[in-house]
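Engineer: My questions concern the predicted model and sequence given below.
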Amino acid sequence: MDTYPPWQNVSPEDQLTGHSSPADGTARLQALGSNSNSTGGPSHSPVAAVLPETRVRRRNRMITSCLECRRRKLKCDKSHPCVNCTKGHRDCIFLAPALDQASQLKLTEIKDKVGSLERLLEKGAQQVASGVTLPHIKGNPANTKDEDLPQAEDEKDLEPTPLAVVDAVYEDDADDDLLDLGIQIGRMRITERIGGFFRPRLAQELKYSLYDMTEKTSLSSENINATPPGVQAYQYLMPSPAYIAPASGFVFGHTGNGSSLIDYLPTRLAADRLVKQYFTVVHPVAQLLHCPSFEREYENFWEDISLGIEPPTSLQAIVFAVMFSGVVSMSEMVILRDFGVPKDRLIDNFKSGTETALSKSHFLRTTKVETLQAFVMYLIPLCRAETSRAHSVLVGAAIRMAECMGLHRDGETYGLNPIETQVRRLIWYQLCFLDIRTCEAQGPRPSIRRGDFDTRLPINVNDVDLHANGKPVAGVDRWTDATFTTMRFEINEMMRYIWSERPRIESRKSTLTNLLGKIEAFRRSLAEKYDHLIDERVPFQRFAKMVKTLLLGRLTVMVLHPYHNSVQSMMPPRLRQMLIAAATNTVENAMWIDSVPDVRPWAWYAGAFNQYHAAFLLLLDCHFFSHGENLDRIWHCLDYVFETDLSEPREVKARKVLCELQEKTAVYQQFRKMRASPAMLKHVGQRPPRRVERNINSTASSVSAQPRDVTSIDPPLVGKVVVPDVVFAGVSNGEALWALPNYGSPEGSSDSGVAPGQANPAQTGNTKMDEGYSIPEIDWDAFDILFPPNQSGEMMQQEGV
């Protein structure tokens, strides 16, 4: 049974308010064709990028025959009644001599619906006949043909910065002895990649901005270049205590040097304590086991030990991976109290035990799901805040192993029982998450692509409700063991969709408005699906809501941050405001996860969700731009992330952090020998750094130590604008599903979507473009519908948790 949200067809009012209702299957199919352009001309709406077929150019000829003759394809003599209707004793009905504009548009919509429905039914019939069930041919609008969209006048100058690219190149004489973890500054660690983009000349960018002669220097050169007191040289290049490096020996079968299970196995009492820790703080945030099944295997494991029998190597790997994860999630103080040894010593013991068990189970050529499950459990505590190239390589190996074992195909396809199906889904989507995580840290792009798998999301049920001999279980509408996991996986698949859409925007096959509209529709759909399940009085559910808001904020940052530092033209104010609001919400929720005592038990895994890269964006923006009342909120985040001296002026703190970042980045760049293309080098320093007083009136929000709820703001009634026709309908078979609801035809369109008091970006930007760089599309009218401005002209912000 498919457990994913159906395609939805909602009214314009429902999309704007976030409420939707299911429609029947025909309406869902008809929704694809509900937004045709009656004139056949180009469209600037966000739907233009996702229409399944090229629009039909309709001539809208006047109909002079009666309806019955048209239906029977008879020649009508146009009398009233006509001869054919008189002979057949039928009602002879003629259309009005002329249709008004609204009626003509309605007729065109009906024709388009019929044509779209016929095409989809033909595809469905072919699909059934061939037995093919791949997700990329199920009519998902995201999988339609690329269409070259016309360039919108409003954003013809907006382009991503050429200083950030996806692919990386290095010199041959790079220092391989240096860990590729980047630099540490405060709580933020950055490599040569920021937000998944390769920035080989970041040090030069910062140096050019900070040392520009047109700007007064607030710090002396001695303070700028001096190493902070008490900090050893290059200490910022060293890993933190949370970093766990995998051993390369077990990949080649050399781990352990003949070690046996007894060399790493603790007492039964200590093992029980670690297993309890796993199911308390690890299993809820990184679910990978079926608890009742593991409990039985765990008892069998110790029964074999008591009898002097060596348990199966795959079971050894599972048990050691559980204990290893339990140790990683515990604090140093608790480990000293319960075990009397330092944490790093305990981690080394169980990491070596897990690697030895995996090596003995021949994990690189196994066909046992249990062995792969243990390998993924071993990778989860490794791939958190600090991820090296070694982690990325191991994740890539795990993905290939999973595909060779068929985990990219849903278990129900093979007739597996509910427990096996659920476990396979958990393993696959944990790999999907690790794929995105390592891709952001080490690049270049996700290995798992949309359309390459049809594995469904895990079912939202408790483990005790799954039985090996039972029938397939349907998901329930309440909080379960799998709710947080499923919610997190849905957001992760949206991130995968963004990774695939960004190149299409750069090649002008899609638009920023289209993608931002889908993100907003996804956010509302996720809130409708999960918010009523969350009880914030329960600490873990409160933690889940913080993570949800953090990840949703990252979606907007992922889309917009490449345009923040454009070398040709300034980012439009409203897009910048949206970017800064999303980045602020992301950092705030990360702060709360780290500092709120109730959710601290699960904060050990927070580094996998956020690395504070958004704080770097906020630092640059607040140093070179004006934020007004929002500056207090932003600096509360920056003081926490960069651990600044609260007594210093903000201008001094900003320059000090940026100078320190520039110096450390330059040192790391010398070691890593990052190579930049000649085209990139000519852009460094192309646009003079300057302070810009932006006309952004942000709503004041006080700094609070408690999270805020996500609020859905009902926008005012807006006429004469094109409503973005896209509604998120869930994730199914590894695909982000979008429905296209039927909207009424607008009476017209406004000339500009620029709020009062703001300059039109099409008039203020530089129109000169370098060849090879894309121009994203912004439909400002649609933008106002998705993110409506209030009466004062400022954009309404939807606060996070």
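Structural biologist: Great, that's in hand.

Engineer: Contact partners for the nearest residue to residue 321 once chain neighbours are set aside?
Structural biologist: Spatially, and ignoring its direct neighbours in sequence, residue 321 is nearest to residue 377 (3.8 Å; CB to CB, 6 or more residues apart in numbering). For the C-beta atoms, the positions are set from N, CA and C on the backbone; glycine is no exception. Residue 377 sits next to 288-289, 318, 321-322, 324-325 when contact means CB atoms under 8 Å, 6 or more residues apart in numbering.

Engineer: Confirm that residue 341 sits in a helix.
Structural biologist: No: counting by DSSP: H, G, I helix; E, B strand; the rest coil, residue 341 is not found in a helix; it is coil.

Engineer: shouldn't residue 311 be in contact with residue 298?
Structural biologist: No: counting by CB atoms under 8 Å, residue 311 does not reach residue 298; the two are 10.2 Å apart.

Engineer: Now the common contact residues for these two.
Structural biologist: By CB under 8 Å, 6+ apart, the residues touching both residue 311 and residue 298 are residue 319.

Engineer: Just flag the most distant two among the contacts of residue 377.
Structural biologist: Greatest spacing in those, by CB to CB: 289 and 324 (13.6 Å).

Engineer: Specify which residue of these two has the higher count of neighbours.
Structural biologist: Using other CB atoms under 10 Å, the more surrounded residue of residue 289 and residue 324 is residue 324, with 30 against 22.

Engineer: mind checking how far the more buried one is from residue 304?
Structural biologist: 20 Å (CB to CB, to the nearest Å).

Engineer: Can you convert the contacts of residue 377 into TSV and add a column each for pLDDT, secondary structure and distance to residue 443?
Structural biologist: What follows is those, written out as TSV (pLDDT from 0 to 100; DSSP: H, G, I helix; E, B strand; the rest coil; distance: CB to CB, whole Å):
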residue	pLDDT	secondary structure	distance to residue 443
288	95	coil	26
289	96	coil	31
318	97	helix	31
321	97	helix	27
322	97	helix	31
324	97	helix	27
325	97	helix	26
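
Engineer: and which of those residues is nearest to residue 507?
Structural biologist: Among those, and counting by CB to CB, the member closest to residue 507 is residue 288, at 37.7 Å.

Engineer: Was I right to think that closest one contacts residue 378?
Structural biologist: No: counting by CB under 8 Å, residue 288 sits too far from residue 378 to count as a contact (10.5 Å).

Engineer: out of the two, which sits in the busier spot?
Structural biologist: Neighbour tally, residue 288 and residue 378, criterion other CB under 10 Å: the higher count belongs to residue 378, 27 against 22.

Engineer: For residue 453, what are phi and psi?
Structural biologist: Note on residue 453: backbone dihedrals following degrees, to the nearest 10 are phi -150, psi 160.

Engineer: wait, I meant residue 190
Structural biologist: Torsion angles, degrees, to the nearest 10, at residue 190: phi -130, psi 140.

Engineer: List the contacts of it.
Structural biologist: Here residue 190 is in contact with 182-183, 611, 613, 616, 665 (CB under 8 Å, 6+ apart).

Engineer: can you pick the most crowded of these?
Structural biologist: residue 611 (26 neighbours).

Engineer: wait, isn't it in contact with residue 185?
Structural biologist: No: using CB under 8 Å, residue 611 makes no contact with residue 185, being 11.8 Å away.

Engineer: Distance of the closest residue to residue 452 other than its chain neighbours relative to residue 358?
Structural biologist: In this structure, residue 452 finds its nearest non-sequential neighbour in residue 408, 6.4 Å apart by CB to CB, 6+ apart. From residue 408 over to residue 358 the distance is 22 Å, taken as CB to CB.

Engineer: Which one of the two is surrounded by more residues?
Structural biologist: residue 358 (26 against 19).

Engineer: Specify the local secondary structure of the more buried one.
Structural biologist: Applying three-state DSSP: residue 358 is helix.

Engineer: quick one: contacts for it?
Structural biologist: Neighbouring residues of residue 358 by CB under 8 Å, 6+ apart: 250, 317, 371, 374-375, 378.

Engineer: and the nearest residue to residue 409 once chain neighbours are set aside, what pLDDT?
Structural biologist: Once flanking residues are discounted, residue 409 sits nearest to residue 454: 6.1 Å by CB to CB, 6+ apart. Looking at residue 454, its pLDDT reads 93.

Engineer: what's the answer for the one 10 residues further on, then?
Structural biologist: You'll see residue 464 listed with a pLDDT of 92.

Engineer: Any stretches of the stretch 1-150 of the chain with poor pLDDT?
Structural biologist: 1-60, 97-103, 105, 123-150 (pLDDT under 70).

Engineer: at 50 what do you get?
Structural biologist: Applying pLDDT under 50 to the stretch 1-150 of the chain flags the ranges 1-53, 130-150.

Engineer: for the stretch 551-700 of the chain, same thing?
Structural biologist: By pLDDT under 50, the low-scoring segments of the stretch 551-700 of the chain are 687-700.

Engineer: The residue nearest to residue 409 contacts residue 410, correct?
Structural biologist: Yes: Residue 454 is within contact range of residue 410, at 5.6 Å (criterion: CB under 8 Å).

Engineer: So between these two, which is more surrounded?
Structural biologist: More neighbours surround residue 410 than the other of residue 454 and residue 410, with 22 against 18 (other CB under 10 Å).

Engineer: what's the closest non-adjacent residue to residue 282?
Structural biologist: residue 325 (4.7 Å).

Engineer: doesn't residue 275 make contact with the one you found?
Structural biologist: No: with contact defined as CB under 8 Å, residue 325 does not reach residue 275; the gap is 9.9 Å.

Engineer: So for these two, which sits in the more crowded spot?
Structural biologist: residue 325 (28 against 18).

Engineer: so what's the more buried one up against?
Structural biologist: Contacts for residue 325 (CB under 8 Å, 6+ apart) come out as 278, 282, 286, 377, 380-381.

Engineer: Residue 382 now?
Structural biologist: With contact set as CB under 8 Å, 6+ apart, residue 382 has these partners: 244, 246, 391, 394.

Engineer: ok, and the most crowded of the residues you listed?
Structural biologist: Result: residue 391 is most packed of these (other CB under 10 Å), 23 neighbours.

Engineer: any idea which element that residue lies in?
Structural biologist: For residue 391, the element it lies in under DSSP states H and E is helix 389-404.

Engineer: next SSE after that helix?
Structural biologist: helix 418-442.

Engineer: quick check: mean pLDDT across the helix or strand following that following helix?
Structural biologist: Where DSSP H and E defines the elements, the next helix or strand beyond helix 418-442 is helix 483-506. For helix 483-506, mean pLDDT is 93.

Engineer: Would you mark the buried spots in helix 483-506?
Structural biologist: 483-502, 504-506 (16 or more other CB atoms under 10 Å).

Engineer: I'd guessed residue 320 sits against residue 350; true?
Structural biologist: Yes: using CB under 8 Å, residue 320 makes contact with residue 350 at a distance of 6.1 Å.

Engineer: Which one's more surrounded, these two?
Structural biologist: Using other CB under 10 Å as the criterion, residue 320 and residue 350 rank with residue 320 on top: 28 against 23.

Engineer: did I read that right, the more buried one in a helix?
Structural biologist: Yes: the assignment for residue 320, made by three-state DSSP, places it in a helix.

Engineer: contacting residues around it?
Structural biologist: Going by CB under 8 Å, 6+ apart, residue 320 touches 264, 350, 353-354, 357, 374.

Engineer: mind redoing it with 6 Å?
Structural biologist: Contact analysis of residue 320 by CB atoms under 6 Å, 6 or more residues apart in numbering lists 353-354, 357.

Engineer: ok, so what distance separates it from residue 622?
Structural biologist: Taken as CB to CB, the span from residue 320 to residue 622 is 47 Å.

Engineer: about what we covered before: give me the subset of the contacts of residue 325 that lies in helices.
Structural biologist: Of the contacts of residue 325, the ones assigned to helices by DSSP state H are residue 377.

Engineer: Let me know the closest of the contacts of residue 325 to residue 269.
Structural biologist: Using CB to CB, residue 278 comes nearest to residue 269 of the contacts of residue 325, at 15.3 Å.
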